[in-house]
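Colleague: when you get a sec, could you give me coordinates for this:
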Amino acid sequence: MKIKEKNNTDISVLDKITLKGFIDYVQNNVLLIILTIMLLLVTHGYLLFNNNIGIDTDSFITIPEGNHNWLHIGRYGLVVEKYILNLDSYNIFYAETLFMVFLGLFCTVTYYMIYVLSGKDFKLLNLILPLIGLTNPLFVEQFIFLLQSAQISFSLFLTVLATLCVYKWIIDKKWVYGIINVALLVLILGTYQSFIPVYIAFCVFAFILLCENDEFSFKNNKDFWIQIIKLVATFGIAFLIYQIILKCMKVDMGYLNQSNYWLWDNPINCIKRTYYHLLQLLRAEGNYYNFGLPVGLVGVIVIGIINSIKIKKNLNKFNKLVYFAVYGVFVITPILLTLYLGNPAALRTQFYIPLIEALALILLGYYLTKSVKFNKVLMCAFFVVLMLVYSDQASVTSKLYYGDHLTRQNDIQVAYELMHDMTAFGITQNDFVYFYGHYDDRMNKSAMSGEAIGYSLFENGWMMNPKYWFSTESILKIFRALGYDYPLMPSSLAEGALKVGEEIEACWPQEGCMKKVDGYYVIKLSEE
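Modeller: Numbers count the residues shown, from 1 in each chain. As a prediction, this is how the structure comes out:
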């Protein structure tokens with residue numbers, strides 16, 4: 001599909017931001033779409049056939065029409081999207097099929113956005129997004145929370161759609177696209193706070209592509225600032241509406257405030273944690289980070305310096321510095337939430353980091369293809385880097401999914417064995433049960449554990465006070481999901497049950513590990 005040049009307009013290519021333009025693009029890039037689907041299936045296909053009782057998923061198995069605790073922590077978007085996607089009665093296979101469909105749409109619409117804003121067809125270079133961005137082990141930590149995986153991939157799709165809308169509004173000056181952008185952002189922000197850096201990264205990425213489009217030029221310096229103000233204003237309005245909704249819902253801000261260490265911890269500690277997280281990213285430490293991110297970000301900085309010097313967009317020197325600052329915003333997005341919270345967010349909420357890595361590498365790859373000198377050498381080196389990153393993280397990702405599968409299957413087996421012994425001991429589903437201790441995970445050497453993967457639900461929350469109260473509740477959730485509904489004993493009995501557990505000498509499955517007390521039963525799982 002060729003882009004015709006028009007002399008009487010600033011951006012002829014943006015006429016292509018239409019449904020027909022998207023359909024034409026898909027028809028001309030069938031091979032790219034097929035390869036994308038294949039990569040997604042290889043990486044995340046396990047989820048299509050996973051019926052494990054995963055973390056939090058036990059709640060939906062027990063109460064399919066429930067909303068878990070989403071509204072209490074301000075994630076109204078998850079509830080709204082649940083009904084939009086017809087997930088009001090949860091079906092794990094249907095949800096995971098939607099998850100895969102929207103991941104595919106997210107990639108395809110992103111390819112289209114790159115095409116229309118840059119004016120160039122990146123062709124197979126686009127595969128960096130699913131190859132590097134969506135293969136990262138951080139996504140496994142996110143998607144094992146099966147109950148929200150469909151909504152997360154749906155929100156990713158809405159994020160790139162919102163980005164297209166805001167740029168359509170900027171160019172066509174039709175308010176309807178600005179309103180759609182704000183509406184989508186309000187829904188996205190209510191889904192997951194981590195979508196803030198995702199959206200910012202996509203907007204900045206799109207801005208860079210647009211500025212490098214040969215068919216585009218700013219009319220004057222005022223026009224340059226109008227574009228930036230519109231980008232900032234739409235996000236600001238959406239964020240304000242999001243805050244108002246939280247106030248109207250009377251959301252308990254304890255969950256969010258507890259996550260923001262600047263509000264209650266020593267600021268020096270927050271600065272230290274932010275610094276060490278930055279070093280961890282740059283050094284590619286651990287299983288979740290790789291050297292593709294620092295390579296991509298350094299490449300973006302170099303590109304920003306070169307383009308800020310060479311740019312011919314009717315900008316004065318100050319605005320050229322502002323233009324370079326746009327690149328700086330993109331570079332800091334991987335640690336944006338860390339800067340805001342004063343602490344690295346839980347690993348499963350940092351799924352935006354591999355996406356930003358992919359966008360940075362796409363930009364780097366694009367500029368390498370434009371290089372005249374050493375083009376083949378540069379591109380060969382670039383693709384070697386890509387394959388090293390992919391092979392490294394794909395291996396970890398597959399092991400994490402395998403580890404999650406083994407652990408959940410073991411949990412189910414242990415639950416059935418426990419219920420058999422409890423029934424033999426005379427415990428009925430009308431009796432209160434308290435579990436003292438916890439039961440460790442059991443995995444083979446081929447598996448791998450992560451933040452939440454590879455850890456038995458039988459040890460979930462066992463270190464919290466009151467001691468073993470939360471692990472007891474977690475175990476009873478597994479039982480309930482398997483069809484055995486034991487009631488949770490009153491908290492007033494927990495202190496006495498703890499003392500009884502200390503006195504029991506044998507640990508399950510040994511004889512004497514269960515004891516009947518007036519009003520409840522105590523089962524000792526371990527000495528810890």
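
Colleague: how close does the residue nearest to the spatial centre of the chain sit to F145?
Modeller: A centroid search over the chain (Cα atoms, centre = their mean) returns F351, at 3.6 Å, as the residue closest to the centre. The gap separating F351 from F145 is 11 Å, by Cβ to Cβ, to the nearest Å. Where C-beta positions appear, they are placed from N, C-alpha and C, glycine not excepted.

Colleague: quick revisit: in what helix or strand does the residue nearest to the residue nearest to the centre of the chain when sequence neighbours are not counted lie?
Modeller: Nearest residue to F351, sequence neighbours excluded (Cβ to Cβ, 6 or more residues apart in numbering): Q142, at 4.6 Å. With secondary structure defined by DSSP states H and E, Q142 is part of helix 137-143.

Colleague: for that helix, packing partners?
Modeller: Contact here means 3 or more Cβ pairs under 8 Å, 6 or more residues apart in numbering; DSSP states H and E; on that basis helix 137-143 packs against helix 146-172, helix 352-370, helix 375-425.

Colleague: identify the residues contacting that helix?
Modeller: Contacts with helix 137-143, where a contact means Cβ atoms under 8 Å, 6 or more residues apart in numbering, come from 44, 47, 99, 149, 152, 287-288, 347-351, 353-354, 393, 396-397, 400-401, 404, 450-453.

Colleague: if we use 6 Å, what do you get?
Modeller: Applying Cβ atoms under 6 Å, 6 or more residues apart in numbering, the contact partners of helix 137-143 are 149, 287-288, 347-348, 350-351, 354, 393, 396-397, 400-401, 450-451.

Colleague: tell me the one of the residues you listed nearest M379?
Modeller: For the contacts of helix 137-143, the closest approach to M379 (Cβ to Cβ) belongs to Q393, at 21.5 Å.

Colleague: in contact with that closest one, which residues?
Modeller: Here Q393 is in contact with 135-137, 290 (Cβ under 6 Å, 6+ apart).

Colleague: mind checking which of the residues you listed are buried?
Modeller: Neighbour counting with 16 or more other Cβ atoms under 10 Å marks 135-137, 290 as buried within the contacts of Q393.

Colleague: give me the neighbour count for the residue nearest to E96 when sequence neighbours are not counted.
Modeller: Spatially, and ignoring its direct neighbours in sequence, E96 is nearest to L47 (4.7 Å; Cβ to Cβ, 6+ apart). L47: 23 surrounding residues under other Cβ atoms under 10 Å.

Colleague: I'd assumed L98 was in contact with L47.
Modeller: No. Using Cβ atoms under 6 Å, L47 makes no contact with L98, being 11.0 Å away.

Colleague: which parts of the stretch 401-528 of the chain are helices?
Modeller: 469-481, 494-503 (DSSP state H, counting those that start in this stretch).

Colleague: need those helices in JSON lines (columns: mean pLDDT, distance to Y436 and mean neighbour count).
Modeller: Shown next, in JSON lines, are the helices of the stretch 401-528 of the chain (pLDDT from 0 to 100; distance: least, Cβ to Cβ, whole Å; neighbours: other Cβ atoms under 10 Å):
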{"stretch": "helix 469-481", "mean pLDDT": "87", "distance to Y436": "9", "mean neighbour count": "21"}
{"stretch": "helix 494-503", "mean pLDDT": "88", "distance to Y436": "3", "mean neighbour count": "16"}
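
Colleague: those: which one's closest to S194?
Modeller: With distances scored as Cβ to Cβ, the stretch of the helices of the stretch 401-528 of the chain nearest to S194 is helix 469-481 (24.7 Å).

Colleague: which element follows the lowest-mean-pLDDT helix or strand in the chain toward the C-terminus?
Modeller: For the chain, scoring each helix and strand by mean pLDDT, DSSP states H and E identifies helix 254-259 as the least confident one, at a mean of 66. Using DSSP H and E, the next helix or strand after helix 254-259 towards the C-terminus is helix 267-283.

Colleague: how about whichever helix or strand comes after that following helix, which residues are buried there?
Modeller: Using DSSP H and E, the helix or strand that follows helix 267-283 in sequence is helix 292-310. Using 16+ other Cβ under 10 Å as the test for burial, helix 292-310 gives 292-297, 299-301, 303-304, 307-308.

Colleague: quick one: contacts for the residue nearest to the centre of the chain?
Modeller: 138-139, 142 are the contacts of F351 under Cβ under 6 Å, 6+ apart.

Colleague: what's the domain layout of the protein?
Modeller: Domains of the chain are assigned by automatic domain parsing as 13-370, 401-524.

Colleague: so which of those is nearest L378?
Modeller: With Cβ to Cβ, the closest approach to L378 among the domains of the chain belongs to domain 13-370: 4.8 Å.

Colleague: any idea how far the closest one is from the middle of the chain?
Modeller: 9 Å (Cα atoms, centre = their mean, to the nearest Å).

Colleague: check stretch 485-500 too.
Modeller: For stretch 485-500, the distance to the chain centre is 36 Å (Cα atoms, centre = their mean).

Colleague: okay, how far is it across it, tip to tip?
Modeller: One end of stretch 485-500 sits 23 Å from the other (Cα to Cα, to the nearest Å).

Colleague: got it, and stretch 57-75?
Modeller: For stretch 57-75, the end-to-end distance is 16 Å (Cα to Cα).

Colleague: list the buried ones in that stretch?
Modeller: 57-62, 66-68, 70, 73-75.

Colleague: closest one of those to V322?
Modeller: The closest of the buried residues of stretch 57-75, once distances to V322 are taken by Cβ to Cβ, is G74, at 33.6 Å.

Colleague: quick check: closest non-adjacent residue to that closest one.
Modeller: V251 (4.3 Å).

Colleague: counting neighbours, what do you get for that neighbour?
Modeller: 17.

Colleague: go on, I237?
Modeller: With other Cβ under 10 Å as criterion, I237 counts 16.

Colleague: which residues does it contact?
Modeller: The neighbourhood of I237, defined by Cβ under 6 Å, 6+ apart, consists of V182.

Colleague: per-residue pLDDT, it?
Modeller: With respect to pLDDT, I237 scores 95.

Colleague: and it, what are its phi and psi?
Modeller: phi -60, psi -40 (degrees, to the nearest 10).

Colleague: where does the prediction get shaky in the chain?
Modeller: 1-16, 51-52, 90, 216-220, 252-257, 311-315, 371-375, 441 (pLDDT under 70).

Colleague: from T191, how far out is F154?
Modeller: 8 Å.

Colleague: next one: K82
Modeller: 10 Å.

Colleague: likewise for I63?
Modeller: 21 Å.
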